[in-house]
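> show me the folded form of this:
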Amino acid sequence: MSAAPSTTPEPLDPSRPGDVAAPPESAPAAAAAGITGQADTTAGAETAAQADDATQAAGRTAGELARAAERTAAALLGPPARTRLGDVVPAPERVEPDATANYLLTADTVIRASADPAAVAVAGQLAALLRPATGYPLPVTDTATPVPAGGIALDLTGEAALGAEGYRFDITTDGVRIAAGTAAGLHHGIQTLRQLLPAAVENASPVAERWILPGGSILDRPRYPHRGAMLDVARHFFGVTDVLRVIDHLARYKLNRLHLHLTDDQGWRIAIDSWPRLATVGGAGAVGDASGGYYTQADYRRIVAYAADRHIAVIPEIDLPGHTHAALTAYGELAPDGIAPPPYTGTDVGFSYVDPANERTYDFVADVLGEIAALTPGRWLHIGGDEAFKVPAEVYAGFVERVQHIVAGLDRDVIGWHQIAPAAHADRRILQWWGTTGEDPVTAEAVRRGARLILSPGNHAYLDMKYAPDTPIGHDWAGLIDVRRAYDWDPASHLAGVPAEAVLGVEAPLWTESVTTLAEIEFMLFPRLPAIAELGWSPRSTHDWDSFRERLAGHGPRWATAGIAYHRSPELPWPQPATPIPAPRSPAVNHSGEPPVRPGATPGRG
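Just a heads-up that it's a prediction; the model follows:
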């Protein structure tokens with residue numbers, strides 16, 4: 001659960017076919033997806049039958065062999081790959097470079113996927129990633145036994161040793177093979193392929209470039225099953241397109257959970273049919289009198305589906321019993337005094353709560369969580385539970401226990417901030433720990449009673465903390481978090497009294513009291529988010545700051561090319577000149593006196 005399998009399977013033969021049980025897509029569906037069909041087993045068969053035995057066995061025509069030889073010569077005689085096989089972030093479990101086996105992507109390259117809709121979908125995503133910058137057609141075909149044959153093969157093998165998200169990656173002069181037991185593993189593999197190409201691959205239009213992949217093989221599996229980030233959309237609201245872009249950022253670094261903090265004192269951000277004023281009234285405002293907003297249920301379904309296509313599960317949070325001022329503004333009957341308070345746009349915490357003594361409160365909780373569960377296919381519902389300072393401890397524990405029971409009745413697993421630890425244990429209960437000391441006997445006791453942990457230590461993983469004293473946005477209550485501080489800790493041993501096997505993984509929260517635009521979100525995420533991603537994915541044996549800082553710095557040109565705002569941390573040896581960084585709308589400005597923006601973008605929500 002908290003470590004990679006103890007056995008290490010042998011590297012796969014790039015030409016060995018995988019076992020695929022699912023049938024191919026229907027012809028109409030394949031045509032709609034831009035798939036050419038069984039090209040390498042039908043149209044090419046008659047030509048192959050006239051070739052020699054070796055050609056026939058490989059399913060290659062003489063022309064295809066000639067092009068393969070030309071590609072091999074070009075890769076060997078041309079300049080070396082700009083990226084090394086070991087430059088990947090997060091660091092893979094095992095890397096075996098072969099400098100004689102570089103592969104050159106060309107206009108003739110074909111992507112061949114296992115005849116399974118999930119594998120074909122990943123192949124389509126790979127083509128969509130590569131087509132804009134390369135200008136190549138990169139047709140996608142499906143086949144029962146995908147082999148590179150001069151192109152790229154995505155082989156859904158069903159190999160149990162690779163687990164739910166692992167993959168193998170083999171690069172030779174004759175092509176690329178990514179093998180995985182699941183579509184999620186294939187998807188992680190194509191993110192590695194993306195990183196191994198030149199940074200110019202992030203361009204939105206064709207560029208002149210030699211698209212060389214460094215030769216060798218990679219074996220890669222995640223350390224932890226939970227690797228996530230949290231986005232607070234309650235303090236400031238961010239529209240659907242902003243959230244989709246954040247999902248893309250998570251996918252780049254093999255994160256698999258998006259925790260959405262949907263409700264707080266300043267705003268309620270999800271429409272609930274049975275309590276409609278929660279969104280229309282409770283969602284109207286934001287911190288500092290900024291404009292509010294909320295997601296319709298169709299909006300939320302779009303976010304969930306987009307994330308699922310990238311093998312990311314959305315975890316919705318409805319914060320209870322505190323952080324509920326926006327809900328009380330919409331429905332005063334839930335307040336302890338029965339009176340709806342005026343909207344709140346400040347940033348204080350701990351003053352609001354729904355009435356635990358009112359049975360109508362539990363109707364509200366059951367209705368809201370029921371609708372959220374119906375919209376969310378994942379296993380988890382996050383119930384918050386933090387900073388309910390005005391609720392007596394025994395009353396608070398009773399409230400949490402009733403809400404845990406409601407979640408269990410929805411066939412979901414409950415997650416709560418670690419403040420819910422004193423409440424009675426519920427099956428499969430997960431605590432999200434955000435402390436700063438490494439000592440928490442109450443949480444350790446909850447683990448002994450069966451709880452499992454997601455680690456989000458405030459002084460290492462909270463991405464709303466400033467990088468340095470002069471960082472123009474963010475907080476410092478948990479300390480300053482530079483890139484090394486985000487990277488240099490071990491989830492398995494971080495919390496005293498908690499065994500490694502109780503840790504499900506890591507999550508990086510981004511609270512948005514001072515974050516108001518997409519550019520500002522990106523500035524706070526990068527370059528720290530990849531640090532948390534490496535802690536969650538890579539084996540502990542690969543953990544090395546000097547290696548990480550070198551690998552991560554090489555991603556600066558990729559972010560700049562993709563128009564991603566980021567902090568040029570002085571800790572990293574960046575290979576390119578400085579680019580602008582975002583600043584709050586007012587009053588802070590950068591040292592030049594001009595408000596910086598996301599590279600290639602217009603200031604604002606985007």
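
> residue 242 is in contact with residue 516, isn't it?
No - look at residue 242 against residue 516 with CB atoms under 8 Å: they stay out of range, at 11.1 Å. Using the backbone N, CA and C atoms, a C-beta is placed for each residue, glycine as well.

> give me the more crowded residue out of the two.
With neighbours defined as other CB atoms under 10 Å, residue 242 and residue 516 compare such that residue 516 has more, 24 against 18.

> using the three-state scheme, assign the more buried one.
coil (DSSP: H, G, I helix; E, B strand; the rest coil).

> leaving out the residues flanking it, which one is nearest to it?
residue 236 (5.3 Å; CB to CB, 6 or more residues apart in numbering).

> got a pLDDT number for residue 79?
On pLDDT, residue 79 comes in at 71.

> tell me, how many residues neighbour residue 573?
For residue 573, the count of nearby residues is 11 (other CB under 10 Å).

> low-confidence stretches in the stretch 451-600 of the chain?
Applying pLDDT under 70 to the stretch 451-600 of the chain flags the ranges 576-600.

> pull whichever helix or strand residue 191 is part of out as CSV, backbone CA atoms only.
In the assignment (DSSP states H and E), residue 191 maps to helix 183-196. Presented in CSV, the C-alpha positions along helix 183-196 are these (Å, rounded to 0.1, in the frame of the first residue of the first chain):
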residue,chain,number,x,y,z
ALA,A,183,-5.0,2.4,-19.2
ALA,A,184,-3.8,4.6,-16.2
GLY,A,185,-0.4,3.1,-16.6
LEU,A,186,-0.3,3.8,-20.3
HIS,A,187,-1.4,7.4,-19.6
HIS,A,188,1.5,7.9,-17.1
GLY,A,189,3.8,6.4,-19.8
ILE,A,190,2.8,9.0,-22.4
GLN,A,191,3.6,11.8,-19.9
THR,A,192,7.1,10.4,-19.6
LEU,A,193,7.3,10.3,-23.4
ARG,A,194,6.3,13.9,-23.5
GLN,A,195,9.0,14.9,-21.1
LEU,A,196,11.7,13.0,-23.1
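
> strand partners of the helix or strand following that helix, parallel vs antiparallel please.
Using DSSP H and E, the helix or strand that follows helix 183-196 in sequence is strand 211-213. Paired strands of strand 211-213, with direction, are strand 103-105 (antiparallel) (DSSP bridges).

> where's the partner strand relative to the chain centroid, distance-wise?
28 Å (CA atoms, centre = their mean, to the nearest Å).

> same deal with stretch 398-418?
The answer for stretch 398-418 is 25 Å, by CA atoms, centre = their mean.

> ok, residues contacting stretch 448-455?
Stretch 448-455 has contacts (CB atoms under 8 Å, 6 or more residues apart in numbering) with 226, 228, 415, 418, 421, 425, 427-433, 443, 447, 461, 491, 494-495, 498, 502-507.

> quick one: the strands in the stretch 151-300 of the chain, in order.
Using DSSP state E, counting those that start in this stretch, the strands of the stretch 151-300 of the chain run over residues 152-156, 167-172, 175-180, 211-213, 216-220, 226-232, 257-261.

> try the stretch 351-500 of the chain
380-384, 413-417, 430-433, 452-455.

> and those strands, which is most packed in?
Compared across those, strand 452-455 shows the largest average neighbour count, a mean of 27 (mean count of other CB atoms under 10 Å).
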